[in-house]
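Colleague: fold the following, please.
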Amino acid sequence: MLADLDRARDALLACDPGCAREDWVRLAMAAKAAGLDLDTFDSWSSQADNYSERDARAVWNSIRRTDGIGPGTLFKAAAQNGWNPDAGRRPRPGPAKATNRPAVPLNRPPHGVGAYELWERCRAADASHGYILAKAGIPDGLRVVPDGDSVSIAGQRMAGALVVPVRDFDGVLCTLQLIPPPGAGKKLNLPGGRVAGVYIVGEMASGGIAYLCEGIGQAWACWKATGQAAVVCFGWGRVRAVATELRRRDPLARLVVVPDVGKESEAEAIARDVAGSWVSMPAGWSLNADVNDFGQREGFDALEVLLQGARIPAVDGVVLLNGSDLTPQPISWLWRGWLALGKLHILAGAPGQGKTTLALAMAATVTVGGRWPDGSRCERGNVLVWSGEDDPADTLLPRLIAAGADKHRVHFISGTRTNGELQPFDPATDMVQLAAQASRIGDVRLIIVDPVVSAVTGDSHKNTEVRRALQPLVDLAASIGAALVGISHFSKGGQGQDPASRVVGSVAFTAVARVVLVAAKVQGDDGDDRRILARGKSNIGPDDGGFEYSIAQVEALPGIQASRIEWGSAVEGTARELLRDPEDECEETNAQDAASSFLREVLGDDVVPVKSVEAEGKAAGLAWRTIRRASDALGVLKRRGSENRWYWSLPKLSKPGNLSNLSNVSRLDNLDNMTAERGVRS
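Modeller: Modelled structure (predicted):
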């Protein structure tokens, strides 16, 4: 039985493991029928360039029956490859009792073709070898099978073949790869040895670059182009295993996978799994072309540039951008200082301030390449409008016509067609289709969303939900290079506050926006009303200044009335200053004067607990913030006494000699216990 196994093993080793897959599977079935085991089949299969251990084991384990394929199939295939069953056959032993001795080693090569024996009888290679010449390689570390040598593999005589040693990562010789000169046969691995190693062109340094190549031709090219180590993996099927082992041995190594054309997706996957990078050939190269072909045609300097452009695959986790990889870019403006391409802007104001009409005036300027209020010229382009409040036909288009727009350059988003039915537009799901339409239109320079809150399907007061909802719109604007204007309202109350902080809803609306524009009607010094468009916030340019404007009613078309913007002069100042009503200032001044009189009366010459001041002020109908502003204006002294209690007094009490009445100071043993307030709220 053991002799039969030896014979079957020798027959398998005479067959070509790189044969067609159908023949390879048939040989697996024949080998199993002959009594060989998985290790023998896997060892033989590993000699093929396309070897995959997982595939070999899966095929072997899937064989449950041989469907008429027996040992004869194996012996016939071996004979067709030049195998002589009688050559070197050992005498069959006579009958003997069974023993428990171990099986014959399965990876032992046939007689006369051991890796060490063959390597020792080979001569050193030189640059004249046909394969080295064809691949512009180097002979260092390689040998050649002597002329007249009888070694053959799968019926192919290997005399004159270039010999590449396959060594494991500890330097132990595993097997040999034999490469005949061009036209003299195909490269084959020595039977009986497991291809479980590599060959390295150049020297590997700890933490250095290592190019992982399928064959020695690619490795030569990488080394010649860069001077960095190139690792021969002996078949594409072994690149992953080699990369994994290299990463285990050197966590800091910079591994670069170098695939042939057609294997880029696998290379990216390998690079991702080992935290490495990968290279792809330029477009236009034929299937299976490699970096050796590129280097010889385009030059090794060009190959060096190609290899330096190795890609880092996208992986889950934190994404970092190195500053050296970025190129500083200026802001691209549609209207310098006011509308930036690729950015979100919020246009906000109280009801009745003409916010939509203002946005449509901007749209009209874009469609005709007109002039902005500051006199600068606008680049002509197309406009997208998504409105959830006004009808395009009877409201928006008439206003655009009244503003002088080119209606052929304005496109209204009316919905999304799904299975023939028109559905409301949903930015969360329909942005890809909108981007496709914008690309078809081309030259879109302005997108108007009115109101911007309609883009938020969740709670518009929740920061996270607002940011998530706005992002698709922001991404669209950035991808097509358009300014995005979202219209919003002011919240009730808050007069006198920063106008940008009054935008209704979550603070995310103004946080995501790069520019916040505010529109309001205020009373001028002459008592007449005036409307102002001002910059309330800008992260990318000036954040002050504005323009006066008025809203006029005109006949856009016969019988159709519409409103339009008529621009006035430029104004200076912050939005808070420009939009402050004089009456508000007067009321605020009167309130502070009243609070000052109250403090003079309550404090007098005394030192008064702040709790008493607050209680009496509340009874007098004065807001606490107004009392505090008045106290700052008067220079009220604020000191802390025992038990962390605060006391106020008018400035004349700051001198200890003036402290004649301490009757209201409870449990205050001496003034040394008092410390002046330093920005601490009392």
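
Colleague: all strands for the stretch 151-300 of the chain, in order.
Modeller: Ranges of strands within the stretch 151-300 of the chain are 152-153, 156-157, 162-167, 173-179, 188-189, 199-201, 209-213, 229-232, 254-258, 277-278, based on DSSP state E, counting those that start in this stretch.

Colleague: tell me the most buried of those strands?
Modeller: Among the strands of the stretch 151-300 of the chain, ranked by average contacts under mean count of other Cβ atoms under 10 Å, first place goes to strand 209-213 (a mean of 27). C-beta coordinates here come from the backbone N, C-alpha and C atoms, glycine included.

Colleague: quick revisit: save the strands of the stretch 151-300 of the chain as TSV, and put in mean pLDDT too.
Modeller: Shown next, in TSV, are those (pLDDT from 0 to 100):
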stretch	mean pLDDT
strand 152-153	84
strand 156-157	86
strand 162-167	94
strand 173-179	91
strand 188-189	87
strand 199-201	95
strand 209-213	96
strand 229-232	96
strand 254-258	96
strand 277-278	95
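
Colleague: correct me, but residue 571 touches residue 578?
Modeller: Yes. Using Cβ atoms under 8 Å, residue 571 makes contact with residue 578 at a distance of 5.9 Å.

Colleague: what touches both of these two?
Modeller: Shared contacts of residue 571 and residue 578, defined by Cβ atoms under 8 Å, 6 or more residues apart in numbering, are found at 532, 534, 546.

Colleague: ok, of those, which one's closest to residue 469?
Modeller: Among those, residue 534 lies closest to residue 469 (Cβ to Cβ), at 26.8 Å.

Colleague: please, which helix or strand holds that closest one?
Modeller: Applying DSSP states H and E as the criterion places residue 534 in strand 529-538.

Colleague: mind listing what's buried in that strand?
Modeller: By 16 or more other Cβ atoms under 10 Å, the buried positions in strand 529-538 come out as 530-538.

Colleague: name the strands paired with it and say parallel or antiparallel.
Modeller: Sheet pairing for strand 529-538, assigned by DSSP bridges, gives strand 515-523 (antiparallel), strand 546-557 (antiparallel).

Colleague: what sits up against the first one?
Modeller: Which is strand 515-523. Against strand 515-523 from outside (Cβ under 8 Å, 6+ apart): 338-340, 343, 345-350, 352-355, 358, 490, 499-500, 503, 510, 529-541, 575, 578-583.

Colleague: just the buried members of those residues?
Modeller: By neighbour count, with 16+ other Cβ under 10 Å, those hold 338-340, 343, 345-349, 353-355, 358, 490, 499-500, 503, 510, 530-538, 575, 578-581 as buried.

Colleague: of the strands paired with strand 529-538, flag the one that's most buried.
Modeller: Among the strands paired with strand 529-538, strand 515-523 has the highest mean neighbour count (mean count of other Cβ under 10 Å), at a mean of 23.

Colleague: ok, residue 247 touching residue 272?
Modeller: No. Applying Cβ under 8 Å, one finds residue 247 not in contact with residue 272, separated by 11.9 Å.

Colleague: just the CA atoms of stretch 428-436, as CSV, please.
Modeller: Only the C-alpha atoms of stretch 428-436 are listed here, as CSV (Å, rounded to 0.1, in the frame of the first residue of the first chain):
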residue,chain,number,x,y,z
ALA,A,428,-32.6,62.9,2.4
THR,A,429,-33.3,60.4,-0.4
ASP,A,430,-33.5,62.4,-3.7
MET,A,431,-30.2,64.2,-3.7
VAL,A,432,-28.5,61.9,-6.1
GLN,A,433,-31.2,62.4,-8.7
LEU,A,434,-31.1,66.2,-8.1
ALA,A,435,-27.3,66.1,-8.6
ALA,A,436,-27.8,64.3,-11.9
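
Colleague: would you mark the buried spots in it?
Modeller: Buried residues in stretch 428-436, counting neighbours by 16+ other Cβ under 10 Å, are found at 430-431, 434-435.

Colleague: and for stretch 119-136?
Modeller: Using 16+ other Cβ under 10 Å as the test for burial, stretch 119-136 gives 119, 122, 125, 129, 131-132, 135.

Colleague: so for it, mean pLDDT?
Modeller: Averaging pLDDT along stretch 119-136 yields 93.

Colleague: what lies in contact with that stretch?
Modeller: Contacts of stretch 119-136 (Cβ under 8 Å, 6+ apart): 137-139, 142-146, 149, 162-163, 165, 173, 176, 179-182, 184, 216-217, 220-221, 224, 292, 295-296.

Colleague: likewise for stretch 531-539?
Modeller: Against stretch 531-539 from outside (Cβ under 8 Å, 6+ apart): 337-338, 348, 353-354, 358, 498-500, 510, 513-522, 542-551, 571, 574-575, 578-579.

Colleague: same thing with stretch 248-264?
Modeller: By Cβ under 8 Å, 6+ apart, stretch 248-264 touches 169, 204, 206-214, 218, 222, 230, 236, 239, 243, 246-247, 266-267, 270-271, 274-281, 285-291, 307, 310.

Colleague: sort out for me which of these are in helices.
Modeller: Those of the contacts of stretch 248-264 mapping onto helices are 218, 222, 239, 243, 246-247, 266-267, 270-271, 291, 307, per DSSP state H.

Colleague: let me have the residues you listed in JSON lines, adding distance to residue 620, pLDDT and neighbour count as columns.
Modeller: As requested, the ones in helices among the contacts of stretch 248-264 are exported to JSON lines (distance: Cβ to Cβ, whole Å; pLDDT from 0 to 100; neighbours: other Cβ atoms under 10 Å):
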{"residue": "218", "distance to residue 620": "89", "pLDDT": "96", "neighbour count": "26"}
{"residue": "222", "distance to residue 620": "86", "pLDDT": "95", "neighbour count": "30"}
{"residue": "239", "distance to residue 620": "85", "pLDDT": "94", "neighbour count": "23"}
{"residue": "243", "distance to residue 620": "80", "pLDDT": "95", "neighbour count": "25"}
{"residue": "246", "distance to residue 620": "82", "pLDDT": "94", "neighbour count": "21"}
{"residue": "247", "distance to residue 620": "77", "pLDDT": "94", "neighbour count": "17"}
{"residue": "266", "distance to residue 620": "81", "pLDDT": "93", "neighbour count": "16"}
{"residue": "267", "distance to residue 620": "80", "pLDDT": "94", "neighbour count": "26"}
{"residue": "270", "distance to residue 620": "79", "pLDDT": "95", "neighbour count": "24"}
{"residue": "271", "distance to residue 620": "75", "pLDDT": "94", "neighbour count": "24"}
{"residue": "291", "distance to residue 620": "87", "pLDDT": "95", "neighbour count": "27"}
{"residue": "307", "distance to residue 620": "81", "pLDDT": "94", "neighbour count": "24"}
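
Colleague: quick check, pLDDT for residue 346.
Modeller: pLDDT for residue 346: 92.

Colleague: now swap in residue 381 and tell me
Modeller: The predicted local confidence for residue 381 is 95.
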